[in-house]
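Trainee: Predicted model follows, preceded by the sequence.
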Amino acid sequence: MPHNIYSVTLDVHKCKGCTNCIKRCPMEAIRVHNGKAIILKERCIDCGECIQCCPNHAILPVTEELEKRTDYTYTIALPDPSFFGQFKEEGDLENILNAFLRIGFDEVFEVSLAAEIVGFIIRQYLMSQTYTKPLFSSSCPAVLRLMQIKFPDLLGQVVPILSPMEVAGRLAKEEAAKRTGLPYTSIGTFFISPCPAKVTSITHPLNVSESAINGAIATNTVYKHLIKHISKNSDRDHIKKLHKSTKRGMAWGYVTGESKSIEFGTTLAVSGIHNVISLLEEIERGELQDVDFIELQACTGGCVGGPLNIQNVFVGRVKLREFIKKYETQEPFYTEEELLTFYQSKRFSSTELIHPRTIMTLDDDVSKALIKMEQLDTIARQLPGLDCGACGSPNCRAFAEDIVRGIAVETDCVIKLRGKVKNLAEEILDLARVIPPAMDNSSKKKKE
């Protein structure tokens, strides 16, 4: 994957240089120079923390618009399991799913249905394979990118199975091609995304050579169009039966949903990118080797807490649970035999290894890089260690690195600047006390 790909952008006109983003970014991927934020492409993992914390809404996701559908003859919407948690009193899932048809999609395929398949495959994998504990979920691309940079030694423990989004894209296209007779390339699948990380995973996938998804549309973009087409009670006779997933797949919309759907061994679920980092650090130290499977979600609360959603994470979780309870008697769409066939065919297994990803190096020349590392350590020791962020870097160590790279100077640190100003003031005062010889008549008075 190229190191300069990410799905967030900055509106410089809205940015006020408040430094909120540099403190929240887990990867130290943002700097503030000349009163404006700068995103370091090599470090960004699309976790969305900067989008959520920016008070001026200056950091924006890069997603598709609905007009992108016109590039394809037949289009399929792929709503994420967390999507249904955005609706309050708009009725039922059938009502919401039918609204996709009213805004121009030809078909809807629930990603939660694909999640049921993935959950079953993971359970079979855990039951039949030997593996190093713990195994990690492959469903959150932001976590996978985090592991590429900070925890490369753990990449071999990621379960080698595609995410529900990819599985949904493949199944939706294959079934539509059989039903319509259209060529595969004429069918467009569009994921309704709660976060920017999944947008990047479509254009630059990690564990597959090419994504089956043709585009991603933000949840908040689709919502404003969809809400206008939710049918009223008088129109309910025209609603098609589209809902196929059960509570097992729908629960993937919030944290613990994936681990509970597996129903095998010891599982653990963690959400929030900073909590994920803490846990992975523990595992690197040799902890949690008795856990079979760990569900890791970058967004707090899981996908329902994604930065591109409409509802607050807590409201969204409650609403999604209400839908799950309402449809808890839903019969599974796929039989046990069909699910077992999916597993045995390995058609949804990863086809590419996830490789470590190096971030910015101090220098391409190893000998020069070592010298710069020594300079970095020396500069870091001389800095105050307050990690205040006033310099525009997230902490003093990152600031020292920026100085060595030549993108910052020592006086950007207010403490260092204050010391230099103080020294300069003392030098000026000393100079002010010195009387030039032409003005000094003391020696003449002594002679007299």
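Mentor: Done, it's in.
Trainee: what's the domain layout of the chain?
Mentor: 8-61, 66-345, 366-433 (automatic domain parsing).
Trainee: Can you tell me which of these is nearest to I359?
Mentor: Evaluated with Cβ to Cβ, those place domain 8-61 nearest to I359, the distance being 4.9 Å. For every residue, glycine as well, the C-beta is placed using N, CA and C.
Trainee: Ends of the closest one, what's the gap?
Mentor: With Cα to Cα, to the nearest Å as the measure, the ends of domain 8-61 fall 4 Å from one another.
Trainee: Ok, stretch 198-210 next?
Mentor: With Cα to Cα, one end of stretch 198-210 sits 14 Å from the other.
Trainee: what pLDDT, on average, does it get?
Mentor: Average pLDDT, stretch 198-210: 91.
Trainee: Also stretch 9-22?
Mentor: The average pLDDT for stretch 9-22 rounds to 88.
Trainee: again with stretch 114-126
Mentor: 96.
Trainee: from the middle of its chain, how far away would that stretch be?
Mentor: 23 Å (Cα atoms, centre = their mean, to the nearest Å).
Trainee: same check, this time on stretch 71-80
Mentor: When distances are taken as Cα atoms, centre = their mean, stretch 71-80 is centred 23 Å away from the chain's centroid.
Trainee: mind checking the end-to-end distance for it?
Mentor: Terminal-residue distance, stretch 71-80 (Cα to Cα): 22 Å.
Trainee: So what touches it?
Mentor: Under the contact criterion Cβ atoms under 8 Å, 6 or more residues apart in numbering, stretch 71-80 has outside partners 69, 97, 100, 104-111, 165, 168-169, 172-173, 176, 180, 182, 186-194, 198, 213-214, 219, 222, 253, 303.
Trainee: Buried residues of it, list them for me.
Mentor: For stretch 71-80, the neighbour count (16 or more other Cβ atoms under 10 Å) marks Y72, Y74, T75, I76, A77, L78, P79, D80 as buried.
Trainee: How about E175, nearest residue that isn't a chain neighbour?
Mentor: F109 (8.0 Å; Cβ to Cβ, 6 or more residues apart in numbering).
Trainee: Equivalent analysis for D402, please.
Mentor: Distances taken as Cβ to Cβ, 6+ apart put A408 closest to D402, at 3.8 Å, once the chain neighbours are dropped.
Trainee: Is the one you found part of a helix or strand, or is it coil?
Mentor: With DSSP: H, G, I helix; E, B strand; the rest coil as the basis, A408 sits in coil.
Trainee: For it, give me its contacts.
Mentor: By Cβ under 8 Å, 6+ apart, A408 lies in contact with R31, H33, C391, G392, S393, F399, D402.
Trainee: From R248, how far out is it?
Mentor: Distance of A408 to R248, given as Cβ to Cβ, to the nearest Å: 51 Å.
Trainee: do the same with R24
Mentor: Distance, R24 to R248, using Cβ to Cβ: 34 Å.
Trainee: Between the two, which has more neighbouring residues?
Mentor: Neighbours were counted for R24 and for R248 using other Cβ atoms under 10 Å; R248 has more, 22 against 17.
Trainee: What strand or helix carries the nearest residue to the more buried one once chain neighbours are set aside?
Mentor: Of all residues not flanking R248 in the chain, S261 sits nearest, at 4.9 Å (Cβ to Cβ, 6+ apart). Per DSSP states H and E: S261 is located in helix 257-262.
Trainee: Pull out the buried positions in that helix.
Mentor: If you call a residue buried by 16+ other Cβ under 10 Å, then helix 257-262 has these buried ones: G257, E258, S259, S261, I262.
Trainee: try stretch 366-379
Mentor: K372, L376, I379.
Trainee: follow-up on the earlier one: between the contacts of A408, which has the most around it?
Mentor: Neighbour count (other Cβ under 10 Å) singles out C391 as the most crowded of those, with 30 neighbours.
Trainee: my guess is that residue contacts A398, does it?
Mentor: No. The pair C391 / A398 is not scored as a contact, 9.1 Å apart, by Cβ atoms under 8 Å.
Trainee: re the thing from before, including pLDDT, could the contacts of A408 go into JSON lines?
Mentor: Formatted as JSON lines, the contacts of A408 follow (pLDDT from 0 to 100):
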{"residue": "R31", "pLDDT": "91"}
{"residue": "H33", "pLDDT": "87"}
{"residue": "C391", "pLDDT": "90"}
{"residue": "G392", "pLDDT": "90"}
{"residue": "S393", "pLDDT": "91"}
{"residue": "F399", "pLDDT": "92"}
{"residue": "D402", "pLDDT": "91"}
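Trainee: Show me which pair in those residues is furthest apart.
Mentor: With Cβ to Cβ as the measure, no two of the contacts of A408 lie farther apart than H33 and F399, at 11.9 Å.
Trainee: Now do the SS call for the most centrally placed residue in the chain.
Mentor: Residue closest to the mean C-alpha point of the chain, counted by Cα atoms, centre = their mean, is C47 at 2.6 Å. Of the three states, C47 takes coil according to three-state DSSP.
Trainee: Check the secondary structure at L296 for me.
Mentor: Applying three-state DSSP: L296 is strand.
Trainee: quick one: which helix or strand includes R248?
Mentor: helix 247-250.
Trainee: which outside residues touch that helix?
Mentor: The contact list for helix 247-250 (Cβ under 8 Å, 6+ apart) reads 81, 84, 110, 112-116, 119, 164, 257, 261, 320, 323-325, 327-328, 330, 332.
Trainee: Just the buried subset of those, written out for ChimeraX, thanks.
Mentor: Listed next is the ChimeraX selection for buried residues among the contacts of helix 247-250, using 16+ other Cβ under 10 Å:
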select :81,84,110,112,113,114,115,116,119,164,257,261,320,323,324,327,330,332
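Trainee: Restricted to helices, list the contacts of helix 247-250.
Mentor: The helices, defined by DSSP state H, take in 112-116, 119, 164, 257, 261, 320, 323-325 from those.
Trainee: Now do the helix or strand containing T378: distance to the chain's middle.
Mentor: Using DSSP H and E, T378 maps to helix 366-382. Distance of helix 366-382 from the chain centroid (Cα atoms, centre = their mean) equals 31 Å.
Trainee: From the contact counts, what lies against that helix?
Mentor: For helix 366-382, the elements it packs on are helix 396-405, judged by 3 or more Cβ pairs under 8 Å, 6 or more residues apart in numbering; DSSP states H and E.
Trainee: And the next helix or strand past the helix it packs on?
Mentor: Tracing the chain past helix 396-405, the next element assigned as helix or strand by DSSP H and E is helix 414-433.
Trainee: Report the inter-axis angle for that next one versus helix 366-382.
Mentor: 70 degrees (axes from the mean of the first three to the mean of the last three Cα atoms, to 10 degrees).
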